[in-house]
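1. With the sequence up front, the predicted model follows.
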Amino acid sequence: MSTYLDNLYWRYATKTFDPSKKVSQAQLDDLLEALRLSASSYGLQPYRCIVITDPVLRSKISEHAWNQPQITSASHLIAICARRTLDEAYVEAYVSEIARQRGVSIESLKGFRDMMIGFVQGRTSEQLAEWMKRQAYIALGFLLSAAAQMRIDACPMEGFDAEHVDRDLGLLERNLTTVALCPVGFRVANDPLAAQKKVRLSKEQFFLHVSPTAFEETQNR
Ligand SMILES: Cc1cc2nc3c(=O)[nH]c(=O)nc-3n(C[C@H](O)[C@H](O)[C@H](O)COP(=O)(O)O)c2cc1C
């Protein structure tokens with residue numbers, strides 16, 4: 001049984017998929033469930049996901065992604081899309097959903113509701129759009145991690161022209177924009193990329209230590 005870390009070492013941004021190897025429906029269901037279970041700020045989930053299997057649509061998307069081969073050769077293509085706008089009505093609908101799913105009254109959620117409404121009202125539409133994209137990236141992280149645990153290959157991608165991809169997917173009408181694409185499937189046998197050493201910053205470079213005295217010194221400056 002491989003460990004979580006073994007699986008993270010195993011994964012890599014796969015560019016050459018074996019088109020004959022397909023992710024089963026059961027595997028896909030689990031991957032999508034991991035995506036759905038992503039953490040998001042307040043739990044608002046201001047993003048949606050689309051599974052794209054249609055080959056014609058995928059080659060269209062590929063044209064707007066510098067013809068990166070993984071778009072068309074992977075078993076499935078998953079698009080993670082953020083909302084373009086967020087308003088009070090969305091928050092109210094979410095509050096109703098919490099009340100329904102947890103069997104509590106809407107009134108009991110008033111404090112939480114007011115906090116979220118304050119958050120939305122206190123930001124410009126540009127700030128909210130940026131914030132929603134950040135939420136979508138967390139979902140992408142959940143997907144990548146889940147795929148690795150299931151030994152399913154994936155390639156996180158933002159190398160595409162979102163304006164065109166949004167048009168291909170009819171997202172403007174749904175108030176969505178594509179944040180990331182993630183082809184999933186299975187690598188070709190003996191992919192040289194799979195054998196390459198994973199390059200990461202050293203622990204010394206990556207983890208910083210801040211001493212309480214350093215903090216006090218900044219405060220006293
Ligand atoms: C947000 C994001 C966007 C990326 N976009 C692309 C992309 O468009 N095409 C691609 O081949 N790889 C893309 N990558 C993969 C990275 O290049 C890769 O994750 C990085 O080099 C680290 O390697 P590893 O994931 O194989 O460990 C992207 C990764 C992330 C997280």
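-> Yes, it's here. Numbers count the residues shown, from 1 in each chain.

2. Next, count neighbours for the residue nearest to D18 when sequence neighbours are not counted.
-> Excluding its sequence neighbours, the residue lying closest to D18 (C-beta to C-beta, 6 or more residues apart in numbering) is V188, at 4.7 Å. Where C-beta positions appear, they are placed from N, C-alpha and C, glycine not excepted. Neighbour count of V188, defined by other C-beta atoms under 10 Å: 18.

3. quick one, what contacts V188?
-> For V188, the contact set (C-beta atoms under 8 Å, 6 or more residues apart in numbering) comprises T16, F17, D18.

4. So which of the residues you listed is the closest to V91?
-> F17 (39.5 Å; C-beta to C-beta).

5. Okay, and the beta partners of the closest one?
-> With DSSP bridges as the criterion, F17 is bridged to R187.

6. what's the spacing between S211 and the ligand?
-> 32 Å (C-beta to the nearest ligand atom, to the nearest Å).

7. what's that residue in contact with, if anything?
-> Contacts of S211 by C-beta under 8 Å, 6+ apart: none found.

8. Repeat that for L31.
-> V23, I78, L143, A146, A147, M150, I152, V184.

9. First-to-last residue distance for stretch 102-120?
-> 24 Å (C-alpha to C-alpha, to the nearest Å).

10. I meant stretch 81-93, not that one.
-> 19 Å.

11. so how far is stretch 130-142 from its chain's centroid?
-> Distance, stretch centre to chain centre, for stretch 130-142: 5 Å (C-alpha atoms, centre = their mean, to the nearest Å).

12. Contacts for that stretch, please.
-> 34-35, 37-41, 44-47, 49, 80-84, 86, 123, 156, 177, 179-180, 182.

13. which ones among the residues you listed come in contact with the ligand?
-> When contact is defined as C-beta under 6 Å from any ligand atom, the contacts of stretch 130-142 meet the ligand at P156, A180.
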